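>>> dropping the sequence and predicted coords here.
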Amino acid sequence: MNFMGMGIMELAVIFLVSFLVLGPSKSIDMARTAGKVIRDLRSAMSDLTSAVDLDQTSPPSAPSQASTTAPTNEIQPGVAVPLEENTPGKSEDD
């Protein structure tokens, strides 16, 4: 295992020194606080990814009545155009 360039032994030494410096009660409180922070970060990331997924999967808004009653020859985004109408250099009498 390699965490930020440190192996298991280096991490164990860091945890041992922090336990000795902080003492057992402070070490437990610090671990509890770190657990809460990690849980909150995971929850926030989950909420963010679900919001992004909802934005990507939401259906497009319905077209207005004005655009459905008056057809135009303009190409509109999101509207399929048959290939033969969209081929450059091809005239209608070919």
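Noted; the coordinates are in hand.
>>> what about Ala12, neighbour count?
The burial count assigned to Ala12 is 11, neighbours taken as other CB atoms under 10 Å. For glycine as for every other residue, the C-beta is placed from the backbone atoms N, C-alpha and C.
>>> what about the host helix or strand of it, average pLDDT?
Using DSSP states H and E, Ala12 maps to helix 8-57. Helix 8-57 shows a mean pLDDT of 86.
>>> what's that helix packed up against?
Other helices and strands packing on helix 8-57, by 3 or more CB pairs under 8 Å, 6 or more residues apart in numbering; DSSP states H and E, are absent; none qualifies.
>>> who touches Gly35 in this structure?
Applying CB atoms under 8 Å, 6 or more residues apart in numbering, we find Gly35 in contact with no residue.
>>> distance of it from Gly7?
24 Å (CB to CB, to the nearest Å).
>>> repeat that for Arg32.
From Arg32 to Gly7 the distance is 26 Å (CB to CB).
>>> equivalent analysis for Asp29, please.
Per CB to CB, Asp29 is found 27 Å from Gly7.
>>> swap in Asp40?
Applying CB to CB, the value for Asp40 to Gly7 is 29 Å.
>>> likewise Pro77?
53 Å.
>>> so those two - more neighbours on which side?
More crowded of Pro77 and Gly7, by other CB under 10 Å: Gly7, with 10 against 5.
>>> which phi and psi does that one have?
Per-residue torsions, Gly7: phi -90, psi -170 (degrees, to the nearest 10).
>>> mind starting the numbering at 5 from now?
Sounds good: first residue 5 from here, last item Gly11.
>>> any idea how far Phe23 is from it?
19 Å.
>>> with Leu52 instead?
34 Å.
>>> which one of those two is surrounded by more residues?
Set Leu52 next to Phe23 and count neighbours by other CB under 10 Å: Phe23 wins out with 15 against 10.
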